[in-house]
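*Asks:* this one's sequence-less:
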């Protein structure tokens, strides 16, 4: 028999365990580690992750929305923080553990609402 998805969910009244709570800590002021911005930003120079090809994909220099000095400033800010950018899975990082501990997804002991028969091979 067909059951709608809304009928399959059976919420359970419980509390969040203490070991699974997410606690945000700020061990240091993150603004203190930001690099200083220059009053006259330099022209864009490709870096380790932010290459010329990737900068062209962003379209900062193409759209005409920003003035030339604003384009330089945007490129300078991106270059100062280029290790925070990721274009594929190999460049992806994660939050530091001293700011956010790893997430724990708690589960409760339960009995399945449907016991499926295992298929019998022919």
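*Replies:* Yes, it's here. Note that this is a predicted model, so its numbers are computed, not measured.
*Asks:* centroid residue for this protein?
*Replies:* Nearest residue to the geometric centre of the chain (CA atoms, centre = their mean): residue 94, 7.3 Å.
*Asks:* how about the helices in the protein?
*Replies:* Here the chain has its helices, by DSSP state H, at 5-8, 52-58, 68-80.
*Asks:* Would you mind finding the most buried of those?
*Replies:* Mean neighbour count (mean count of other CB atoms under 10 Å) peaks for helix 68-80 among the helices of the chain, with a mean of 16. Using the backbone N, CA and C atoms, a C-beta is placed for each residue, glycine as well.
*Asks:* Packing partners of that helix?
*Replies:* Judged by 3 or more CB pairs under 8 Å, 6 or more residues apart in numbering; DSSP states H and E, the packing partners of helix 68-80 are helix 52-58.
*Asks:* okay, how far is it across stretch 48-68, tip to tip?
*Replies:* Using CA to CA, to the nearest Å, the end-to-end distance of stretch 48-68 comes to 24 Å.
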